[in-house]
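Peer 1: Provided below for reference: sequence and predicted model.
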Amino acid sequence: MKSQDVTPEYVAQIRAMGFKPDADEVVAMKVHDVTPEFVKAMREMGINPDADEIIALKVHDITPGYRRSMEAAGYK
């Protein structure tokens, strides 16, 4: 975890968002730059992902802006 810059503060932030990730999920969240701001933005759009889903959203670069553009194109 140390080599991935996972700190106790980062783990506390993840847990404060309601996630209960295992060690692999915490590392993946950090590596893919899952931030409280990203989680909050996705939740404000009605997406309430679990740890694996939030990681997948980041991996595939699904941002709130992308989601809005897809909704504007008729996809939900």
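Peer 2: Thanks, I have the structure now. Numbering: from 1, shown residues only.
Peer 1: and the helix or strand bottoming out on mean pLDDT in the chain, how far out from the chain's middle?
Peer 2: Within the chain, no helix or strand scores below helix 64-72, which has a mean of 93 by mean pLDDT, DSSP states H and E. Centroid separation between helix 64-72 and its chain, computed with Cα atoms, centre = their mean, to the nearest Å, is 17 Å.
Peer 1: for stretch 16-25, same thing?
Peer 2: 10 Å.
Peer 1: got it, and stretch 67-74?
Peer 2: The answer for stretch 67-74 is 20 Å, by Cα atoms, centre = their mean.
Peer 1: how about stretch 43-51?
Peer 2: 9 Å.
Peer 1: in the least confident helix or strand of the chain, what counts as buried?
Peer 2: For helix 64-72, the neighbour count (16 or more other Cβ atoms under 10 Å) marks 64, 67 as buried. All C-beta atoms are positioned from the backbone trio N, CA, C, and that covers glycine.
Peer 1: dump that helix to CSV, keeping only the CA atoms.
Peer 2: Only the C-alpha atoms of helix 64-72 are listed here, as CSV (Å, rounded to 0.1, in the frame of the first residue of the first chain):
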residue,chain,number,x,y,z
PRO,A,64,-20.5,13.2,-14.7
GLY,A,65,-20.0,15.2,-17.8
TYR,A,66,-19.9,12.1,-20.0
ARG,A,67,-23.0,10.8,-18.3
ARG,A,68,-24.9,14.1,-18.9
SER,A,69,-23.9,14.0,-22.6
MET,A,70,-25.1,10.4,-23.0
GLU,A,71,-28.4,11.3,-21.3
ALA,A,72,-28.8,14.3,-23.6
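Peer 1: burial measure for Pro21, as a count.
Peer 2: For Pro21, the count of nearby residues is 19 (other Cβ atoms under 10 Å).
Peer 1: neighbours around the closest residue to it other than its chain neighbours, how many?
Peer 2: Leaving aside its chain neighbours, Pro21 sits nearest to Ala51 (4.4 Å; criterion: Cβ to Cβ, 6 or more residues apart in numbering). For Ala51, the neighbour count with other Cβ under 10 Å is 20.
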